[in-house]
Each structure stands twice: as structure tokens, then as C-alpha cells.
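Enquirer: Curious how this folds, go ahead:
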Amino acid sequence: MTSPLSCQQLTVKIEERQLCQPLTLTIQPQQRWAILGKNGAGKSTLLHTLAGLRQPQSGNVLLYGKPLETMDRRLVAQQLGVLLQEQTSEFPGTVREHVLMGRHPHMGRWQWEQADDLELALQALRQVDLLDYQHRQVTTLSGGERQRLAVATLLCQQPKLVLLDEPSNHLDLHHQIAVLDKLTAVTREKDHALIMVIHDINLALRYCDHFLLLFDDGEHLCGPAEHVINEQQLSRLYQHPVIHLKNGQHSVFLPR
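Expert: Predicted coordinates for the structure are as follows:
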């Protein structure tokens, strides 16, 4: 089975600062990856590079075995979905019209949404508790409601690979869990894959089985959670002592 995403000798820079040393990585179906690091370590920049939103300094990214930079953007959008960190769209329309935008990569140039598309859109709104808001203007939504709408649009898009930049942004505890439950469940049910940038170590451990740690000097460490996540590596990553607490089946990492 072709891997959803891979990169070979990828380097990412902002001006003269190298954010990661040559990175070679393969994401397999059903895997859920978290990217961790301090503020300014380059997590979002790397995620945007993996999504094809910015060019790497060197190396390449393959989406299902094809060079991402050479692919038609409509085909990319059928396979890859991105949730950005902040939802700032001032699209002058209703919530339902906005979520239907997730179907556009699957439609012809002059094709209108069909009944099946509308049903997918309403189902996605239902999954993020926004169904009753479908006729509201997007500009009237709060930050958390806009974040949930962005998630609904992503669900409606039905990509095979999902890249998330701080998906819990602006969400209360209930919706953090509900949204991440849904997004990660899709990867298990349909052989899809997921990569998320997230600050909350314990949310990452709850939902992700593989980790990529980005250190300040451009060094990185990646692999299965049990090989990468421990007190020593997290203390080094955040430059602050971290302790590991266990209580039965529950396990958390906390600042000392």
C-alpha cells in the first residue's frame, strides 16, 4: 500500500534560520502523527511545507507516491486536507454554504452541489454541533464556532490525509475531545492518516501513536510514541523539567 505522505532529505528555512535538518519521513495508513516543539521551532512552517503551501529549501514531498509540487491542486485537495491555526475567512455566506466548499475539489468546473453533497455537509455540521447554525452568517460566529466550522468543512471534503495546525484552538474541553475523537476515528476506519501540530502533550498522547520532535537547533527526533516520548526528551525539547505521572491506566506528563 502506497504511503499517504513521505519526504526525503527535506530542509525548511525562514530567512537564514534552518528549522529542521534534512528530514526523511514516511507516514503510513492509519498512523496519527503529532509534531511537538517550542514556540518558534518551525512546527507550523514544516506542516505548511508538507501540505505544499510553501516551498522547501531542498528535498521533496510525495503525496501517495507522487511529487506534491507537480500535482494538480484539485487532485491534491481530493487527497489532502489542511486545517489552519486561525480561521480568519470573511466569506460572505452562511454556515451551510461555507461547509459545502469542502465538496468543490470533487466537482467539475461548472458543476453545482448535488443532494449527496448537501447530505455530507449537513452530516459534517451535525458532527461538530453546528447543524442548528446552518443558516447563520459565518461572520457572526465566535472563534470556537469558526474552528468547528473549519473542521466540518474538512470532514465534508473527505481527504485521505489530514494536516492539522493546532486543531484544539479556541475550543472548550468538550469540543476539543469531540473534534479530535472524530478526526482520529476516520484515520482508523478508512486507512487514512493524520498529522497534527499541537502544544498539549497529553492531548497528543491521547490521539497520536507517532511523534516528530523539533528542537531549537534544527535537530529532530521521530518515531513511535513509546520510543520518543519520555521525561528526558520532553525536558530537552521544552527546556524545562517534565515529570511523568501514572495512575492506573492513566498517564500524563506535567511541568515540574
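Enquirer: Okay, now the unreliable bits of the stretch 1-150 of the chain?
Expert: For the stretch 1-150 of the chain, applying pLDDT under 70 flags the ranges 87-91, 108, 110.
Enquirer: Show me where it has its strands.
Expert: 5-14, 17-27, 32-36, 58-63, 66-67, 80-83 (DSSP state E, counting those that start in this stretch).
Enquirer: Now render those strands as a markdown table, adding distance to residue 224 and mean neighbour count.
Expert: (Glycine included, C-beta is placed from N, CA and C.) Shown next, in a markdown table, are the strands of the stretch 1-150 of the chain (distance: least, Cβ to Cβ, whole Å; neighbours: other Cβ atoms under 10 Å):
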| stretch | distance to residue 224 | mean neighbour count |
| --- | --- | --- |
| strand 5-14 | 17 | 18 |
| strand 17-27 | 13 | 17 |
| strand 32-36 | 10 | 25 |
| strand 58-63 | 21 | 17 |
| strand 66-67 | 27 | 12 |
| strand 80-83 | 23 | 23 |
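Enquirer: mind giving me TSV with the ones you listed and columns for distance to residue 255?
Expert: Output for those, formatted as TSV (distance: least, Cβ to Cβ, whole Å):
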stretch	distance to residue 255
strand 5-14	28
strand 17-27	24
strand 32-36	14
strand 58-63	34
strand 66-67	41
strand 80-83	27
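Enquirer: Minimum distance to residue 139: which of those strands has it?
Expert: strand 80-83 (19.7 Å; Cβ to Cβ).
Enquirer: For that closest one, which outside residues touch it?
Expert: By Cβ atoms under 8 Å, 6 or more residues apart in numbering, the list of residues contacting strand 80-83 from outside reads 5, 51-53, 63, 150-151, 154, 157, 159-165, 167.
Enquirer: coming back round to it: out of the strands of the stretch 1-150 of the chain, nearest to residue 172?
Expert: Taking Cβ to Cβ, strand 80-83 is the member of these nearest to residue 172, at 17.4 Å.
Enquirer: Relative to the closest one, what are the paired strands and their orientations?
Expert: Here strand 80-83 is paired, per DSSP bridges, with strand 161-165 (parallel).
Enquirer: Send over the strand it pairs with as CSV, restricted to the C-alpha atoms.
Expert: Extracted C-alpha coordinates of strand 161-165, given in CSV (Å, rounded to 0.1, in the frame of the first residue of the first chain):
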residue,chain,number,x,y,z
LEU,A,161,-4.6,12.7,4.6
VAL,A,162,-5.4,15.4,7.2
LEU,A,163,-2.9,18.0,8.3
LEU,A,164,-4.0,19.9,11.4
ASP,A,165,-2.4,23.1,12.8
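Enquirer: Could you list everything the spatially most central residue of the chain pairs with in the sheet?
Expert: Nearest to the geometric centre of the chain sits residue 164, at 1.5 Å (Cα atoms, centre = their mean). Beta-bridge pairing for residue 164 (DSSP bridges): residue 83, residue 196.
Enquirer: Check the contact between it and residue 197; I expect there is one.
Expert: Yes. Between residue 164 and residue 197 there is a contact at 6.9 Å, judged by Cβ atoms under 8 Å.
Enquirer: Now for residue 5: which residues touch it?
Expert: 25, 26, 27, 50, 61, 62, 63, 64, 80, 161, 193, 195.
Enquirer: Just give the closest residue to the fourth one, not the sequence neighbours.
Expert: By that I understand residue 50. In space, and not counting its chain neighbours, residue 50 is closest to residue 61: 5.8 Å by Cβ to Cβ, 6 or more residues apart in numbering.
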